[in-house]
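J.: Need a 3D model of the following:
(one chain, ligands or ions: 1)
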Amino acid sequence: MFKNLKGKTVFITGASAGIGEACAQAFASAGCHIILTARRTKRIEELKAELDQQYPDIRTLAVTLDVTSKEAVDQVVTNLPADFQSVDILINNAGLVLGLTPLADYPVDQIDTMINTNVKGLIYCTQAFIPRMKQAPRGGHIVNVSSISGREVYPNGSVYCATKHAVDVITRTLRFELADSPIRVSSINPGLVETEFSKVRFEGDQQRADQVYAGMTPLTGSDIAELAVFITSRPAHVEIADTLILPHGQA
Ligand code: NDP
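T.: Modelled structure (predicted):
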């Protein structure tokens, strides 16, 4: 079903955990070569070793990258080894939530970190790949991992929701800007996914977590990764624009 992904190269941001790690596994099992990036070098190196053992026919690369630095993003993309130069799929996944606080009290460092990672980081990576994908014989596909928070808002979620609304605006705008190019752009908007992110979100407030999760089984990183594989494996004329994926029961 996913045979047209075989041999393609996928660049994943935030590949050290959660959805990004699951994407690495899913694209590797579809026969893709994988570039793993994140700040935690040890985690991506361990994942690389795991993939190398599990999928000897693919190439993998682990590169430390903090997406909040435009300089670092440009340097990593420019200096990719020759056999990883041609990237077919960019998974803009790196992101985080901090605090969840009324706007009036939001600590400035948390605001800056969320905007720098979720919005600016995604922009920097996208900018680094657009010129290359325009020239690539097979074109390219950019998949932005947004959130249900890109469509809805909730109390104390102003900054995170704003960053994910921004991601959706960027995705929609890019689709216009790249309509005449061979680059497709898609977004995935997940609801609750059980990852390290979930622990941070509730900051150890188990009662609040129980309330939010009541009556539903959260999604897994693999649920999102399988969707990313499906979206990017469609024929070149098919652009799945956006996808809201929720655990059953999340209204
Ligand atoms: P995790 O916390 O499990 O993973 C987040 C990933 O982002 C890590 O690999 C982390 O790597 C990376 N990351 C964070 N900051 C940076 C940075 N500055 N530079 C590079 N990488 C960074 O969370 P999820 O897997 O759940 O989240 C992935 C994406 O999914 C995020 O964009 C999130 O907003 C979105 N999402 C998550 C939902 C959920 O319920 N879990 C729901 C909807 C959307 P490292 O620390 O090693 O740099």
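
J.: Can you pull the residues of this protein lying near the ligand?
T.: Applying the criterion C-beta under 6 Å from any ligand atom, the portion of the chain that neighbours the ligand consists of 13-14, 16-20, 38-40, 43, 65-68, 93-96, 117, 121, 145, 147, 190, 192-193, 195-198, 221. (Each C-beta comes from the backbone N, C-alpha and C, glycine too.)

J.: From the residues you listed, which land in strands?
T.: With strands defined by DSSP state E, the entries of the residues of the chain next to the ligand inside them are 38, 145, 190.

J.: and these as a markdown table, adding neighbour count and pLDDT?
T.: Rendered in a markdown table, the data for those read as follows (neighbours: other C-beta atoms under 10 Å; pLDDT from 0 to 100):
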| residue | neighbour count | pLDDT |
| --- | --- | --- |
| 38 | 24 | 98 |
| 145 | 28 | 98 |
| 190 | 25 | 98 |
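
J.: helices and strands of this structure: which one bottoms out on pLDDT?
T.: Least confident helix or strand of the chain, by mean pLDDT, DSSP states H and E, is helix 196-202 with a mean of 71.

J.: Next, count neighbours for the closest residue to the ligand within the stretch 51-200 of the chain.
T.: Relative to the ligand, the nearest point of the stretch 51-200 of the chain is residue 95 (2.2 Å; C-beta to the nearest ligand atom). Neighbour count of residue 95, defined by other C-beta atoms under 10 Å: 26.

J.: Do I have it right that it meets residue 119?
T.: No: the criterion here is C-beta atoms under 8 Å, and residue 95 misses it with residue 119 at 9.2 Å.

J.: any residues in contact with both of those two?
T.: Contact criterion C-beta atoms under 8 Å, 6 or more residues apart in numbering; residues shared by residue 95 and residue 119: residue 163.

J.: hmm, back to that, following element in sequence after the least confident helix or strand of the chain, please.
T.: helix 206-213 (DSSP states H and E).

J.: Can you get me a residue count around residue 180?
T.: By the other C-beta under 10 Å criterion, the neighbourhood of residue 180 contains 8 residues.

J.: what separates the strand or helix carrying residue 45 from the chain centre, distance-wise?
T.: In this structure, residue 45 sits in helix 41-54 according to DSSP H and E. Distance of helix 41-54 from the chain centroid (C-alpha atoms, centre = their mean, to the nearest Å) equals 18 Å.

J.: got the contact list for residue 219?
T.: With C-beta under 8 Å, 6+ apart, residue 219 has these contacts: 190, 191, 192, 193, 194, 245, 246, 247.

J.: Most neighbours out of those, which is it?
T.: Using other C-beta under 10 Å as the neighbour criterion, residue 190 leads these with 25 neighbours.

J.: Quickly list what it is bridged to.
T.: The bridge-partner assignment for residue 190, based on DSSP bridges, gives residue 245.

J.: Go through the chain and flag its longest helix.
T.: Within the chain, and with DSSP state H defining each element, the longest helix by residue count is helix 158-177.
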